[in-house]
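**Q** coords below, sequence missing:
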């Protein structure tokens, strides 16, 4: 049984690596570090299938140190002890290069056990992670390492790897290939920047196509069928999840309906209806708010419909609501006002509720001044009269400032007239 195509096609030199030009071009720092041979502790951060393990393997092959590999999902503290025990023995005379894949799964104690040996240079650590290292890796490890971010590979950069994959399979199985136009691009687009996923699709297309007279005709229809779901790179507990929902809300806030619909589509394709609905409602309140307050019940109704009908039909009311929020006038005056009020409360900057607002129905014998003295606004013209509502220590405080939009300015003009600018 042959190894997976992704392993057989793995580059042996930096020049063969697909993508990552921002790291591996000959004038870049990582390329120069590797070429110089004096390798510091490194952390490779980025999505799966973009070359982190490949580059680490190239570094390992170029070093005189003993290579040891661990995976954070399966390794134990004993595995670390076993590696440490090799230091200064005949099996590791020049020290150890430890490649630790998925370091985010190592707990704090496991990571701490490496510190002494990383610090004295007897172990050179090359760790990879799909999660943000500044959240998941012990700070003492981070402070002794250099972090490089790997990015999803562009479609155009993936196509040469797909071509090589088909060529290898053709030679391995002595079969001529006839590949329809559009197949390579469909696979490249469908992998979501993950080269490993693209090569898995190459294998799937190859083996799902019958051989006729020593020839396989790889059809576009086959590629579409086998890659139809692979374009969504999404993990509800990972960075990609938070990046997408952040971009989704920021696009609505930025009044870009096309971008907002794009991120909505990614959430829908991933089946993450709750996140799509929650952020939509937050955006209606936080970013449109008092500029168009009627939008809040409208969006809530759209969300209720979406949750009731479920996917795929939920896409329709959600799309309507996303476009409405994106194209509506914007105001965050409500959010700013409550944040200012909360800041006072959290700092303890408050006092007793004014007597006229308290829920009092009688005065005790200890009260020097009898009576609550509450003024009922509806008894006055325009249903308003002046009285103090804030505690004494905050009586002149202003939290809310009218936004510049038409709706809030109309309210401002009304109350300026009624209150006489008091």
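**A** Yep, that arrived. This structure is a prediction, so every number in the text was calculated from the model and none was measured. Numbers count the residues shown, from 1 in each chain.
**Q** tell me where the stretch 301-422 of the chain has helices.
**A** Secondary structure of the stretch 301-422 of the chain, counting by DSSP state H, counting those that start in this stretch: helices at 315-327, 333-346, 406-419.
**Q** same check, this time on the stretch 101-250 of the chain
**A** Per DSSP H, counting those that start in this stretch, the stretch 101-250 of the chain has helices spanning 108-119, 133-136, 139-143, 155-172, 183-190, 195-207, 220-227, 239-253. These are given in chain order.
**Q** in a markdown table: those helices, plus mean pLDDT, mean neighbour count and distance to residue 286.
**A** To be clear about C-beta, it is placed using only N, CA and C from the backbone, and glycine gets the same treatment. What follows is the helices of the stretch 101-250 of the chain, written out as a markdown table (pLDDT from 0 to 100; neighbours: other CB atoms under 10 Å; distance: least, CB to CB, whole Å):
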| stretch | mean pLDDT | mean neighbour count | distance to residue 286 |
| --- | --- | --- | --- |
| helix 108-119 | 81 | 16 | 36 |
| helix 133-136 | 80 | 14 | 24 |
| helix 139-143 | 86 | 14 | 33 |
| helix 155-172 | 87 | 18 | 35 |
| helix 183-190 | 86 | 22 | 34 |
| helix 195-207 | 87 | 23 | 36 |
| helix 220-227 | 85 | 18 | 37 |
| helix 239-253 | 85 | 19 | 8 |
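**Q** okay if I get those as JSON lines plus distance to residue 394?
**A** What follows is the helices of the stretch 101-250 of the chain, written out as JSON lines (distance: least, CB to CB, whole Å):
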{"stretch": "helix 108-119", "distance to residue 394": "44"}
{"stretch": "helix 133-136", "distance to residue 394": "38"}
{"stretch": "helix 139-143", "distance to residue 394": "41"}
{"stretch": "helix 155-172", "distance to residue 394": "58"}
{"stretch": "helix 183-190", "distance to residue 394": "58"}
{"stretch": "helix 195-207", "distance to residue 394": "58"}
{"stretch": "helix 220-227", "distance to residue 394": "61"}
{"stretch": "helix 239-253", "distance to residue 394": "31"}
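**Q** and the helices of the stretch 301-422 of the chain: which comes nearest residue 11?
**A** For these, the distance to residue 11 is smallest for helix 315-327, at 40.1 Å, taking CB to CB.
**Q** now the closest one: buried residues?
**A** 315, 317, 318, 319, 321, 322, 323, 324, 325, 326 (16 or more other CB atoms under 10 Å).
**Q** so how far is it off the chain centroid?
**A** Mean-position distance between helix 315-327 and its chain equals 22 Å (CA atoms, centre = their mean, to the nearest Å).
**Q** okay if I get the helices of the stretch 301-422 of the chain as a markdown table plus mean pLDDT and distance to residue 255?
**A** Written out in a markdown table, the entries for these read as follows (pLDDT from 0 to 100; distance: least, CB to CB, whole Å):
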| stretch | mean pLDDT | distance to residue 255 |
| --- | --- | --- |
| helix 315-327 | 95 | 6 |
| helix 333-346 | 91 | 17 |
| helix 406-419 | 91 | 16 |
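**Q** can I get these in a markdown table with distance to residue 356?
**A** Rendered in a markdown table, the data for those read as follows (distance: least, CB to CB, whole Å):
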| stretch | distance to residue 356 |
| --- | --- |
| helix 315-327 | 40 |
| helix 333-346 | 20 |
| helix 406-419 | 18 |
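**Q** from residue 377, how far off is residue 359?
**A** Computed with CB to CB, to the nearest Å, the distance linking residue 359 and residue 377 is 17 Å.
**Q** the more surrounded of these two?
**A** For the pair residue 359 and residue 377, the greater number of neighbours falls to residue 377 (12 against 6), based on other CB atoms under 10 Å.
**Q** for that one, give its distance to residue 390.
**A** Per CB to CB, residue 377 is found 16 Å from residue 390.
**Q** same deal with residue 32?
**A** 63 Å.
**Q** residue 137 too?
**A** 47 Å.
**Q** more neighbours, these two?
**A** Applying other CB under 10 Å to residue 137 and residue 390 shows that residue 137 carries more neighbours, namely 22 against 17.
**Q** which pLDDT value goes with the closest residue to the more buried one other than its chain neighbours?
**A** Once its chain neighbours are removed from consideration, residue 137 has its nearest residue in residue 103; the separation is 6.2 Å (CB to CB, 6 or more residues apart in numbering). Predicted confidence (pLDDT) at residue 103: the value is 87.
**Q** need the contact list for residue 326.
**A** Contacts for residue 326 (CB atoms under 8 Å, 6 or more residues apart in numbering) come out as 251, 252, 255, 256, 257, 260.
**Q** surely the second one and residue 283 touch.
**A** Yes - proximity of residue 252 to residue 283 meets the contact threshold set by CB atoms under 8 Å, at 4.7 Å.
**Q** shared neighbours of those two, anything?
**A** Listed as contacting both residue 252 and residue 283 by CB under 8 Å, 6+ apart are residue 325.
**Q** could you pull out the strands in this protein for me?
**A** For the chain, the strands defined by DSSP state E occupy 42-45, 66-71, 96-101, 123-129, 146-149, 176-179, 211-212, 215-218.
**Q** could I get the buried residue list for the last one?
**A** Counting neighbours by 16+ other CB under 10 Å, one finds that the buried residues in strand 215-218 are 216, 218.
**Q** note down every partner strand of that strand and its orientation.
**A** strand 176-179 (parallel), strand 211-212 (antiparallel) (DSSP bridges).
**Q** out of these, deepest packed?
**A** strand 176-179 (a mean of 14; mean count of other CB atoms under 10 Å).
**Q** name the residues that touch it?
**A** By CB under 8 Å, 6+ apart, the list of residues contacting strand 176-179 from outside reads 166, 169, 170, 206, 214, 215, 216, 217, 218.
**Q** what's the average pLDDT for it?
**A** Rounded to a whole number, the mean pLDDT of strand 176-179 is 89.
**Q** then stretch 32-45?
**A** Per-residue pLDDT values over stretch 32-45 give a mean of 84.
**Q** cool, and stretch 289-307?
**A** Rounded mean pLDDT across stretch 289-307 is 94.
**Q** cool, thanks, talk later.
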